[in-house]
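[1] Got a sequence here, can you build the structure:
(chains A, B, C and D)
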Protein chains: 2
Amino acid sequence: MNVLEHAEIADRLRAAGIPVTLQRLAIAHALFERPIHVTAEQLLRQVKASVPETSRATVYNSLKLFVEKGLVKELMVDPERVVFDSNTEPHFHLYDIVTGDLTDVPAEQMSLVGLPALPPGTKLEQIDVIVRVSPQR
Amino acid sequence: MNVLEHAEIADRLRAAGIPVTLQRLAIAHALFERPIHVTAEQLLRQVKASVPETSRATVYNSLKLFVEKGLVKELMVDPERVVFDSNTEPHFHLYDIVTGDLTDVPAEQMSLVGLPALPPGTKLEQIDVIVRVSPQR
DNA sequence: TTCCATGCAAAGGGTTTGCACTCTC
DNA sequence: GAGAGTGCAAACCCTTTGCATGGAA
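    As a prediction, the model looks like this:
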């Protein structure tokens, strides 16, 4: 990763009100270089490759922080583990329940019409749409 | 629960190809008396009240079996635990991420338009739509 | 110096597994 | 008697927590 990207990503963290540290920068870089779907464990491995002084706890702490600040979204597609999505634009997902493949659904292929009456005193946080498929036979 | 209900529920299990046992009957009764959203732990407590000789393992085994046979659906609304839905008709959910309240969205309030191109060699299993809300402030 | 971030290892909690026992056919 | 279903407790795995260390303001 080059200096320019570092600066952009650092700014993105600061803009979200997140103090920049070496580990957060490495985690953010892995997440934001391009839109990805990753588990915490995958991210830990990936980040450790460039910044070995990164612990599991820090990855979880940072992810939690990023989610709170709206930089990434949690996807609950698999009961075994949470997947983090670095694309925070509204979009739908296609998930293969056997292979674990997770991809985005092109916006023009599916849309949601209407919004349910929200319970009094609540506000909308997010709408998840997951199309689950499995290999045929 | 009365004899008639027992018979109906037993038939429902047999129709799904599930050999009937005392525990499965009690679990099925708790699930199918009316449409509900429950966790495995809640179900265990509930079933034990009527059939104390029921173990956690049996509840999990039975739920897994029921899911395979299409009698209940797994909902991944919360990373902490899986919620089982005894209403297998297609419908959407409204989930309060703070209180944990989980309700159905009336069909007339929201609908999904279009279906994405499925990856070659895969078949549609299920489409989950979860509207997440939180208490205001 | 004060506070926050981090590393490490242990704890936590939902779910699964191993194994012996029971029941059914 | 063979196979399936069950109970019990331990094992598992992802995630969180406690605590001491280190770094920044």
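[2] Could you use CA atoms for every contact and neighbour count after this?
    OK.
[3] which residues does the residue nearest the centre of chain A form a beta bridge with?
    Nearest to the mean C-alpha position of chain A, by CA atoms, centre = their mean, lies A:D85 at 2.2 Å. Note on A:D85: beta-bridge partners by DSSP bridges are A:H37, A:K73.
[4] which residues sit in contact with it?
    A:35-38, A:72-75 (CA atoms under 8 Å, 6 or more residues apart in numbering or on different chains).
[5] Quick check: buried residues in the lowest-mean-pLDDT helix or strand in chain A?
    One helix or strand of chain A scores below all others by mean pLDDT, DSSP states H and E: helix A:3-15, with a mean of 86. Going by neighbour count (16 or more other CA atoms under 10 Å in any protein chain shown), the buried part of helix A:3-15 is A:6, A:9-10, A:12-13.
[6] what's in contact with it?
    Residues from elsewhere that reach helix A:3-15 (CA under 8 Å, 6+ apart): A:19-20, A:25, A:28-29, A:32.
[7] Most neighbours out of these, which is it?
    Compared across these, A:A28 has the highest neighbour count, 25 neighbours, by other CA atoms under 10 Å in any protein chain shown.
[8] For the residue of chain A found nearest DNA strand C, grab the count of nearby residues.
    Nearest residue of chain A to DNA strand C: A:T54, at 3.0 Å (CA to the nearest atom of the strand). A:T54 has 19 neighbouring residues, counting by other CA under 10 Å.
[9] is it true that it touches A:K48?
    Yes. Using CA atoms under 8 Å, A:T54 makes contact with A:K48 at a distance of 6.0 Å.
[10] What residues does chain A have near chain B?
    Residues of chain A lying close to chain B by CA under 8 Å from any CA of the partner chain are A:76-79, A:81-82, A:105-106, A:109-118, A:121-136.
[11] Filtering these by proximity to DNA strand D, which remain?
    Contacts with DNA strand D within these, counted by CA under 7 Å from any atom of the strand: A:81-82.
[12] Can you lay out the contacts of helix A:3-15 as JSON lines showing secondary structure?
    Below are the contacts of helix A:3-15 laid out as JSON lines (DSSP: H, G, I helix; E, B strand; the rest coil):
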{"residue": "A:P19", "secondary structure": "coil"}
{"residue": "A:V20", "secondary structure": "coil"}
{"residue": "A:L25", "secondary structure": "helix"}
{"residue": "A:A28", "secondary structure": "helix"}
{"residue": "A:H29", "secondary structure": "helix"}
{"residue": "A:F32", "secondary structure": "helix"}
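[13] quick one: which two of those are the most distant?
    The most widely separated members of the contacts of helix A:3-15 are A:P19 and A:F32, with 16.8 Å between them, by CA to CA.
[14] which intervals of chain A have sub-threshold pLDDT?
    A:1-4 (pLDDT under 70).
[15] what about the helices in chain A?
    When assigned using DSSP state H, the helices of chain A occupy the ranges A:3-15, A:22-32, A:40-50, A:56-68.
[16] contact partners of the second one?
    Spelled out, that is helix A:22-32. Applying CA under 8 Å, 6+ apart, the external contacts of helix A:22-32 come out as A:6, A:9-10, A:43, A:46-47, A:50-51, A:53-54, A:58-59, A:62, A:86.
[17] For the longest strand along chain A, which residues meet the burial criterion?
    Criterion DSSP state E: the longest strand present in chain A is strand A:122-135. By 16+ other CA under 10 Å, the buried positions in strand A:122-135 come out as A:124, A:127-134.
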